[in-house]
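Student: build me a model:
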Amino acid sequence: MGGKGVVRGGRVGYEVDLPFKRFVNCHCARCRKATGSAYAANAVVEPAAFRWTCGKAEVRRFDLPEARSFATSVCTNCGSPLPHLTRSGGAVIIPAGTLDQDPAEKPSSHIFWGSRAPWAPPAGDLPMSD
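Tutor: Numbers count the residues shown, from 1 in each chain. Presented below is the predicted three-dimensional model:
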């Protein structure tokens, strides 16, 4: 499968080449706190598959100092989460809720399932890992 995932709304936009390298529901405590939800639906792509189309200057990044690799990015105008390059530079993490179009892919697994919130919904048919 090929194609593009495109986000055009607002002051910030990006394009991503599909397919994703990975697409997971992350239940780690940091992702839960960053999203304010039971888990983060995160897609992962190679850096070459991602492009800002507008508003890159409106993006602010936060690297959690005590974490080896946790980071988030947000729009400075509306506070929405946005994609970010991993600290290693090896991948771009895309909050799936930011996609304007259906990428025609679904999450493949639940990760950090052992850290899930006690009120999290059941895993359904997806595999779980800690």
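
Student: can we go C-alpha only for contacts and neighbour counts from here?
Tutor: Will do.

Student: give me the low-pLDDT residue ranges for the chain?
Tutor: The model of the chain has pLDDT under 70 over residues 1-9.

Student: would you map the helices across it?
Tutor: Secondary structure of the chain by DSSP state H: the helices cover 29-35.

Student: strands along that one, start to end?
Tutor: 4-7, 13-17, 22-26, 40-45, 50-54, 59-63, 71-75, 81-82, 84-85, 92-95, 109-111 (DSSP state E).

Student: a markdown table for those strands, including distance to M128?
Tutor: Formatted as a markdown table, the strands of the chain follow (distance: least, CA to CA, whole Å):
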| stretch | distance to M128 |
| --- | --- |
| strand 4-7 | 26 |
| strand 13-17 | 26 |
| strand 22-26 | 9 |
| strand 40-45 | 14 |
| strand 50-54 | 28 |
| strand 59-63 | 27 |
| strand 71-75 | 23 |
| strand 81-82 | 25 |
| strand 84-85 | 25 |
| strand 92-95 | 19 |
| strand 109-111 | 5 |
